[in-house]
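Asker: Here is a sequence together with a model predicted from it:
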Amino acid sequence: MKEYNENLHNNSKGSTYENAKFLREFKTKAEDKLWQNLRNRQLNNLKFRRQHPFGEYVLDFYCHEIKLCVEVDGNIHNEKEIIENDNERTRSLNENDIKVIRFKNEEVINNIDKVLQKIKESTNAPLSLRRGVGGEVKNRIEKLFANKQKNILNVYCTAGFPHLDDTLKVLYSLQKNGADMVEIGMPYSDPLADGPVIQHSSMIALQNGMTIEKLFEQLKDCRNTITPLGDRGFHLPLILMGYLNPVMQFGIEKFCRLAKEVGVDGIILPDLPLYEFENEYKNYFEQNDLHFIFLITPETSEERIRKIDTLSKGFIYAVSSSSTTGNNKEIDQQENYFLKLQKMNLKNPVLVGFGIKDKHTFQAACKYSNGAIIGSAYINALQNATDIESATEQFLDRILR
């Protein structure tokens, strides 16, 4: 491990090129096999470079034309410290607008055709991605889906729960232990779409003194501060979920402006009518680069789903059944609903929520969509936790490992 870190992660910029030469000679069988299939513009007429220096990193395979990095990981990448280093490496490259996809050695050796197909799919970024000057993707939600299309894990937490000052501890713990995105619930006294677990957490958070203003105070430095867990700020996509009434009382223009300032990427307000969003409030969110995310259910008409797909940015939240969060309806029982969504070829990715509580339901949801949202099950895990990081690690291990 020490040799690996020295060779791949602790390079000074001055030694990166020498290290790249060394790694070209020290290639694995899998890397050699993939290179034979990538070289000489054999894949979508794109030119890949092998062991390409970039900043302080050496990239296994890199296509400059579309900023795509392909990494081939051996058994050492199963070790916890290496996984953390890989995640940091990917995050750093993503910040430079480089897309990273990873394959295990055995994937390349045993099924090169499938690997090449995945790379081909990655060379065609969705047309719906909104880009800024120079073509870069601006919003973190978009960056996430540009770099990872399957098995996205979005975890819901309630701001100010279990204790008022626990919000950032929860965010940092989720980031460290494998979440791809975090959805923060703004507690409200009448949460219509929430089940008893999240309702209870909202009540406790309100009793703790949590407000929208307090939440913005807590989040204002989260993107730039070295976290207690050693990360360089909170870098995952961040969504605020709540209800229209408290947001309107706070002031929707002020809400959107402050959300942007503290680094929020998306907003979910389940009780904001589609018509009112489109005709009265849409500009406030767009002006602040906040993606507005709508919910659909098995009863939502195809016409309305397509309208929502037109207005949504980021992803569509597919409620697994017409119930509240934490419902007990099995994901497997909704196959027709999910297949219908797949056949509609929506421009937005789809995440499934409500009833996702363990590894089985997470995998079942991912079978039909880009990923899933976990809420009540994680709130339950935090309910009596004495150590938030430990409780989060144990919970996500049961989902992802």
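Answerer: Thanks, I have it.
Asker: Can you list the low-confidence ranges for this protein?
Answerer: Along the chain, the parts satisfying pLDDT under 70 run over 1-27, 40-45, 123-138, 191-193, 229-231, 322-330, 332.
Asker: Can you report how many residues lie near the closest residue to residue 284 other than its chain neighbours?
Answerer: Spatially, and ignoring its direct neighbours in sequence, residue 284 is nearest to residue 256 (4.6 Å; CB to CB, 6 or more residues apart in numbering). To be clear about C-beta, it is placed using only N, CA and C from the backbone, and glycine gets the same treatment. For residue 256, the tally of surrounding residues (other CB atoms under 10 Å) stands at 22.
Asker: can I assume residue 256 is in contact with residue 291?
Answerer: No - checked against CB atoms under 8 Å, the pair residue 256 and residue 291 is beyond contact range at 11.7 Å.
Asker: Tell me where the stretch 251-400 of the chain has strands.
Answerer: Taking DSSP state E, counting those that start in this stretch, the strands of the stretch 251-400 of the chain run over residues 266-268, 291-292, 295-296, 316-319, 350-353, 371-374.
Asker: To residue 58, which of those lies closest?
Answerer: Proximity to residue 58 (CB to CB) singles out strand 371-374 among the strands of the stretch 251-400 of the chain, at 30.1 Å.
Asker: Pull out the buried positions in the helix or strand hosting residue 100.
Answerer: Here residue 100, judged by DSSP states H and E, is contained in strand 99-104. Under the neighbour-count criterion of 16 or more other CB atoms under 10 Å, strand 99-104 has 99-101, 103-104 buried.
Asker: Count the neighbours of residue 50 for me.
Answerer: By the criterion of other CB under 10 Å, residue 50 has 20 neighbours.
Asker: What distance do you get for it to residue 118?
Answerer: Distance of residue 50 to residue 118, computed by CB to CB, to the nearest Å: 18 Å.
Asker: Quick one: distance of the longest helix along the chain to the chain centre.
Answerer: Assignment by DSSP state H gives helix 80-95 as the longest helix of the chain. Remark: helix 80-95 is offset 14 Å from the chain centroid, using CA atoms, centre = their mean, to the nearest Å.
Asker: Summarise which helices and strands it is packed against.
Answerer: Helix 80-95 is packed against helix 2-8, strand 57-63, strand 68-73, strand 99-104, helix 140-147, with contacts defined by 3 or more CB pairs under 8 Å, 6 or more residues apart in numbering; DSSP states H and E.
Asker: Output that helix as PDB, restricted to C-alpha atoms.
Answerer: The C-alpha coordinates for helix 80-95 follow below in PDB (Å, rounded to 0.1, in the frame of the first residue of the first chain):
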ATOM      1  CA  LYS A  80     -10.400   0.800   2.500                       C
ATOM      2  CA  GLU A  81      -7.500   3.400   2.400                       C
ATOM      3  CA  ILE A  82      -7.100   2.900  -1.300                       C
ATOM      4  CA  ILE A  83     -10.900   3.300  -1.900                       C
ATOM      5  CA  GLU A  84     -10.700   6.600   0.000                       C
ATOM      6  CA  ASN A  85      -7.800   7.700  -2.100                       C
ATOM      7  CA  ASP A  86      -9.600   6.700  -5.300                       C
ATOM      8  CA  ASN A  87     -12.700   8.700  -4.200                       C
ATOM      9  CA  GLU A  88     -10.500  11.800  -3.600                       C
ATOM     10  CA  ARG A  89      -8.800  11.300  -6.900                       C
ATOM     11  CA  THR A  90     -12.100  11.100  -8.700                       C
ATOM     12  CA  ARG A  91     -13.400  14.100  -6.900                       C
ATOM     13  CA  SER A  92     -10.400  16.100  -7.800                       C
ATOM     14  CA  LEU A  93     -10.600  15.100 -11.500                       C
ATOM     15  CA  ASN A  94     -14.300  15.900 -11.500                       C
ATOM     16  CA  GLU A  95     -13.600  19.400 -10.300                       C
END
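Asker: What residues sit buried inside it?
Answerer: The neighbour-count check on helix 80-95 (16+ other CB under 10 Å) flags 82, 85-86, 89-94 as buried.
Asker: With distance to residue 66 added, can I get these in JSON lines?
Answerer: Formatted as JSON lines, the buried residues of helix 80-95 follow (distance: CB to CB, whole Å):
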{"residue": "82", "distance to residue 66": "27"}
{"residue": "85", "distance to residue 66": "25"}
{"residue": "86", "distance to residue 66": "21"}
{"residue": "89", "distance to residue 66": "19"}
{"residue": "90", "distance to residue 66": "17"}
{"residue": "91", "distance to residue 66": "19"}
{"residue": "92", "distance to residue 66": "19"}
{"residue": "93", "distance to residue 66": "13"}
{"residue": "94", "distance to residue 66": "14"}
